[in-house]
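>>> whatever this is, show me its structure:
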Amino acid sequence: RDRASGDDALGVEAIRRTSGSTETTTTVLDHPIVSCGRAGQDIVLEHPSSSRLHAAVYADHESRSATVVDLRSSHGTFVRTTGSGGEFERLEPLIPRPLDARDELRFGH
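You can find the predicted model right below:
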């Protein structure tokens, strides 16, 4: 929730899985463009298969929607559609992909 206004804020829930543990963090999309990649980005991806600037999430607060774009990463950005339980789909670089509220993203391997 946005503490200042009391409104529900757009956010991304990140789940990091390592052998034997799971860590969940939430990043509020409080500005229109959120960068994802290695150190120095808004969302830091601590995996060797992530690129320095891997992907970007664009938040449209008026329409309460979000879009992800792969920024020509070496090992890809993947989306699994809400409730599909199916395979992750690799995104084409630089082609925006609208996200549903519970879509899952995977960066790299």
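>>> any weak-confidence spans in the chain?
1-9, 11-20, 84 (pLDDT under 70).
>>> need the strands for it, in chain order.
With strands called from DSSP state E, the chain shows them at 11-18, 21-28, 33-37, 43-44, 55-60, 65-70, 77-80, 89-90, 97-99, 104-107.
>>> which elements pack onto the fourth one?
With contacts defined as 3 or more C-beta pairs under 8 Å, 6 or more residues apart in numbering; DSSP states H and E, the packing partners of strand 43-44 are strand 33-37. Bear in mind the C-beta positions are built from the backbone N, C-alpha and C, glycine included.
>>> ok and the strand it packs on relative to strand 65-70, angle-wise?
Our comparison of strand 33-37 with strand 65-70, counting by axes from the mean of the first three to the mean of the last three C-alpha atoms, to 10 degrees, yields an angle of 40 degrees.
>>> if the residue lying closest to residue 31 once chain neighbours are set aside is in a bridge, with which residues?
Leaving aside its chain neighbours, residue 31 sits nearest to residue 59 (7.5 Å; criterion: C-beta to C-beta, 6 or more residues apart in numbering). Residue 59 has these beta-bridge partners by DSSP bridges: residue 66.
>>> returning to what we had before: need the strands of the chain in a markdown table with mean neighbour count, can you?
Formatted as a markdown table, the strands of the chain follow (neighbours: other C-beta atoms under 10 Å):
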| stretch | mean neighbour count |
| --- | --- |
| strand 11-18 | 12 |
| strand 21-28 | 10 |
| strand 33-37 | 19 |
| strand 43-44 | 16 |
| strand 55-60 | 20 |
| strand 65-70 | 19 |
| strand 77-80 | 20 |
| strand 89-90 | 14 |
| strand 97-99 | 16 |
| strand 104-107 | 17 |
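>>> I appreciate the help and will end here.
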